[in-house]
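[1] Got a sequence here, can you build the structure:
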Amino acid sequence: MQIISGRSGAPSITATGTFTGQVFQDPVLGGRDDVKINTVIFTPCSRTYWHHHENGQLLQVFRGKGFVCGADGVPRVIAEGDTVWIEPGERHWHGGTAETLLGHTAITLGGTEWLEEVSEEEHAEAARVNGLAGDTAVSSPASSPAGA
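    Numbering: from 1, shown residues only. Predicted coordinates:
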């Protein structure tokens, strides 16, 4: 058994390399190969790259509104109070809308394989198909530097 205390007061980590835009992570449980837990804040328009997880991922949304798009290619809105289960090996991405932050706790089981960047067009399409056509990027978020 392990009890993990709340935030240690350490600075948040700026996520780079596999994210577009400004994304902050606070590690909750790290240093293990079988499970990682992070609290993640996506600023408006920021998002992960396409990726998949060896044994799946659980997202628990605690703030704002965002998108998750899975293997079926249909982006869905997620909001505070939602829980998302992503099947092992399912290709997906997640991130904020153009006008709102998205905060979630990510419980990742096994390793993660990162794929290509989610395009501006894919992100804008997520807003369009969910009736958030007015919630499209006014300006593109800067891409994170590669290699992190």
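[2] Name every strand pairing with the host helix or strand of Lys65 and say which way it goes.
    Element membership for Lys65 (DSSP states H and E) is strand 57-69. Strand 57-69 has its sheet partners listed here by DSSP bridges as strand 75-79 (antiparallel), strand 83-86 (antiparallel), strand 93-96 (antiparallel), strand 102-109 (antiparallel).
[3] For that strand, give me every contacting residue.
    With contacts defined as CB atoms under 8 Å, 6 or more residues apart in numbering, strand 57-69 is touched by 41-42, 47, 75-86, 92-97, 100-109, 118, 122-123, 126-127, 130. For every residue, glycine as well, the C-beta is placed using N, CA and C.
[4] hang on, isn't Thr100 packed against Thr43?
    No. At 9.4 Å, Thr100 does not count as touching Thr43 under the criterion of CB atoms under 8 Å.
[5] Where does pLDDT dip in this structure?
    7-9, 133-148 (pLDDT under 70).
[6] quick revisit: redo the strands paired with strand 57-69 as JSON lines? Include mean neighbour count and distance to Thr16.
    As requested, the strands paired with strand 57-69 are exported to JSON lines (neighbours: other CB atoms under 10 Å; distance: least, CB to CB, whole Å):
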{"stretch": "strand 75-79", "mean neighbour count": "18", "distance to Thr16": "23"}
{"stretch": "strand 83-86", "mean neighbour count": "15", "distance to Thr16": "22"}
{"stretch": "strand 93-96", "mean neighbour count": "25", "distance to Thr16": "15"}
{"stretch": "strand 102-109", "mean neighbour count": "20", "distance to Thr16": "16"}
